[in-house]
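Colleague: I'd like to go over a predicted model; first the sequence, then the structure.
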Amino acid sequence: MSQDNPALDFSTVIASTVHDMKNSLAMLMQAHSHWLARLPDPQLHGPEQGVIEYEFAHLNGMLVQLLGLYKLGVNQLPLQPAYHDLDDFLEAQLASHQEVFASRGIIATYEVDPLSPLGFFDRELVASVLGNIINNAIRYARESLLISVSDEGGQLVLTINDDGAGYPAEMIESQADYVQGINYSSSSTGLGLYFAGRIAALHQRNGVGGSTRLSNGGPLGGGVFSLYLP
């Protein structure tokens, strides 16, 4: 190929392809929703439906992350923070997963510290992070999921708890590696944690950036993901 007609940057090609895939998935989800509306009630709540709903959400979340990471890489993901009512924000996050919760028999709730009713963050970016972590928690939760909000040292802490078996010890021990990039030593790429770490770090105040933390225990005894926003 001549210098006058250079090859496309591969990352740009991938980003364009991911964008097309996301549009196709959205159309598929819409068609599936219309198809469900014509089914008799007994066929609406089978186990296969739960798998379909979960994988739709999982695929959409991964595509959102890939586009977000591309935009981060080319400095096209501006932070647009604002004050948000946390009750309204968390209720919306859970509502978007309600069909999957119902199909999996999971009861999802949230708690907001009355002393911290507002949060200052980019709503769309933080929602993307929480969406991915909720999808992951759904995979391992037995029957309960809880999102809690608190204030810790002047930082807003959004925590997702589940009642599953918890994160593997080696994953907790090497969580800094996941946040820094893809972890090839495990069966997981760590893409979700890497994305969460990058989004958290975008939120800064007085020279302090946001962060993430994995642990086990919490009020439900399973995995605990915490997002710290200054």
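Modeller: Structure's in. What do you need? Residues are numbered from 1 along each chain as shown.

Colleague: Run through who's touching the one helix or strand F120 maps to.
Modeller: Remark: F120 resides in strand 118-121, with elements defined by DSSP states H and E. Strand 118-121 has contacts (Cβ atoms under 8 Å, 6 or more residues apart in numbering) with P81, A82, Y83, H84, D85, L86, F89, V149, L156, L158, H203, L229. In short, each C-beta sits where N, CA and C put it, glycine included.

Colleague: ok, so of the residues you listed, who is nearest A37?
Modeller: F89 (28.6 Å; Cβ to Cβ).

Colleague: Tell me how far the strand or helix carrying the closest one lies from the chain's centre.
Modeller: According to DSSP H and E, F89 maps onto helix 86-95. How far helix 86-95 lies from its chain's middle: 14 Å, per Cα atoms, centre = their mean, to the nearest Å.

Colleague: Stretch 90-109 now?
Modeller: How far stretch 90-109 lies from its chain's middle: 14 Å, per Cα atoms, centre = their mean.

Colleague: so for that stretch, what's the average pLDDT?
Modeller: In this model, stretch 90-109 has an average pLDDT of 90.

Colleague: element containing the spatially most central residue of the chain?
Modeller: Centroid-nearest residue in the chain: N132, 2.1 Å away (criterion: Cα atoms, centre = their mean). Per DSSP H and E: N132 is located in helix 123-140.

Colleague: from memory the residue nearest to the centre of the chain sits against N60, does it?
Modeller: No - if you go by Cβ atoms under 8 Å, N132 and N60 don't touch, sitting 9.9 Å apart.

Colleague: which neighbours do those two share?
Modeller: The contact sets of N132 and N60 do not overlap (Cβ under 8 Å, 6+ apart).
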